[in-house]
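Visitor: kindly return the folded structure for what I paste below:
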Amino acid sequence: MLRLVLALILFALPVGAETIRLGDRSYRIDLPARAAGAPVILALHGGGGSADQFARSSGLSRPANAQGYAVIYPEGTGRAGTWNGGYCCGSAQRNRVDDMAFLDAVIADAVARFRLNPARVYLTGMSNGSIMAETYAALRPGKVRAVAGVAGTMDARRLRPKGKVPLLHIHGTADEMVPYAGGRGATSLTRTDFASVAAVEAAFLAPYPMLARTERVIDRAADGMRVIERNYANGRGVTQVRILTVEGGGHAWPGSRRAPRQGGTRDITANAEVLRFFAEHP
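Guide: Coordinates of the predicted model:
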């Protein structure tokens, strides 16, 4: 029985999973079968989470590794595990932790250590991790090929992207932690006055001179929700900004193990949508 349990645990772990110490912090990396030259996804956990927790709950590594990506899960700081995204969250924000520099260091270390592709770096994150991912992309547009945020909005009132960065943003309209329309949520754990999804959308659209807007409805599941996909494409038909609005959706990473309890939809999975968007920006 013990052998069976150990076998199942080992089977569930990506073949190339490692934890790397970087000064007084660390990151987890799940490598594909061929690491040399692989594109990189940084996946940032939410407030109160951790690198291993987000790897387990999101399940991102398996499909991403299969498509040739190396997936890095950096570790936040403090007992609650948070990121300093400027206006949120927790001890990381209060102590003014320089998470921009930390993510710079993680990327540089992983690229050099595993011979990854520095020209294909992508970011994604959940909640506080989404805020940090969007903030990093806005301030480091030359380092990021594309960014995908889920259920967390950067401080769009004070921050503007310094260049063009393709954005995917997934958010539920019934999110009570980080409200879709902005402001402080009923279950928010901070006093942050969050930016709206519309404000983040406008901020990432601003560097582009002209994009064509289209919309479509995704509604395959009988869960009382539907997803509105809004795309802004350039003249070559490549979507530069995509907003996936989950009508009636809560504070969830769609498709994750915890999503059904958090108001997640079955119409989409975040992993599939994130990888689809990143594939559009090679």
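
Visitor: and Glu201, that's in a helix?
Guide: Yes - assigned with DSSP: H, G, I helix; E, B strand; the rest coil, Glu201 falls within a helix.

Visitor: pLDDT at it, what is it?
Guide: Note on Glu201: pLDDT of 98.

Visitor: any idea what the residue lying closest to it once chain neighbours are set aside is bridged to?
Guide: Closest residue in space to Glu201, ignoring its immediate chain neighbours: Ile243 at 5.6 Å, by Cβ to Cβ, 6 or more residues apart in numbering. Using the backbone N, CA and C atoms, a C-beta is placed for each residue, glycine as well. Listed by DSSP bridges, the beta-bridge partners for Ile243 are His169, Arg230.

Visitor: give me every residue that touches Asp109.
Guide: 20, 22 (Cβ atoms under 8 Å, 6 or more residues apart in numbering).

Visitor: so Ala146 bridges to which residues?
Guide: Bridge pairing for Ala146 - DSSP bridges - gives Tyr122.

Visitor: and for it, the neighbour number?
Guide: 24 (other Cβ atoms under 10 Å).

Visitor: distance of it from Arg230?
Guide: To Arg230, Ala146 is 16 Å away according to Cβ to Cβ, to the nearest Å.

Visitor: with His281 instead?
Guide: Taking Cβ to Cβ, one finds His281 at 17 Å from Arg230.

Visitor: can you check Lys143 too?
Guide: Counting by Cβ to Cβ - Lys143 and Arg230 are separated by 26 Å.

Visitor: ranges for the helices of the stretch 101-250 of the chain?
Guide: 128-139, 197-205 (DSSP state H, counting those that start in this stretch).

Visitor: which of these sits most buried?
Guide: helix 128-139 (a mean of 29; mean count of other Cβ atoms under 10 Å).

Visitor: what is that helix packed up against?
Guide: strand 40-44, helix 99-114, strand 121-126, strand 146-150, strand 167-172, helix 197-205 (3 or more Cβ pairs under 8 Å, 6 or more residues apart in numbering; DSSP states H and E).

Visitor: to Pro260, which of those lies closest?
Guide: Among these, strand 167-172 comes nearest to Pro260, with 13.0 Å by Cβ to Cβ.

Visitor: got a list of contacts for the closest one?
Guide: Applying Cβ under 8 Å, 6+ apart, the set of residues contacting strand 167-172 is 134, 137, 146-151, 153, 178, 180, 197, 200-201, 204, 240-252, 254, 263-265, 268, 270, 273-274, 277.

Visitor: that strand vs strand 146-150, what angle?
Guide: 10 degrees (axes from the mean of the first three to the mean of the last three Cα atoms, to 10 degrees).

Visitor: how many other residues sit next to Pro260?
Guide: Pro260 has 13 neighbouring residues, counting by other Cβ under 10 Å.

Visitor: please tell me how far it sits from Asp52.
Guide: Distance from Pro260 to Asp52, by Cβ to Cβ: 22 Å.

Visitor: so where's the chain shaky on pLDDT?
Guide: Within the chain, the ranges that satisfy pLDDT under 70 run 1-16.

Visitor: cutoff 50 now
Guide: Where the chain drops to pLDDT under 50, the residues are 1-13.

Visitor: which residues in it form strands?
Guide: 16-22, 25-31, 40-44, 70-74, 121-126, 146-150, 167-172, 212-218, 226-233, 239-247 (DSSP state E).

Visitor: JSON lines for the ones you listed, including distance to Asp104?
Guide: Output for the strands of the chain, formatted as JSON lines (distance: least, Cβ to Cβ, whole Å):
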{"stretch": "strand 16-22", "distance to Asp104": "11"}
{"stretch": "strand 25-31", "distance to Asp104": "12"}
{"stretch": "strand 40-44", "distance to Asp104": "11"}
{"stretch": "strand 70-74", "distance to Asp104": "11"}
{"stretch": "strand 121-126", "distance to Asp104": "11"}
{"stretch": "strand 146-150", "distance to Asp104": "15"}
{"stretch": "strand 167-172", "distance to Asp104": "20"}
{"stretch": "strand 212-218", "distance to Asp104": "34"}
{"stretch": "strand 226-233", "distance to Asp104": "29"}
{"stretch": "strand 239-247", "distance to Asp104": "24"}
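
Visitor: any idea which of the ones you listed gets closest to Ser57?
Guide: Going by Cβ to Cβ, the one of the strands of the chain nearest Ser57 is strand 121-126, 8.5 Å.
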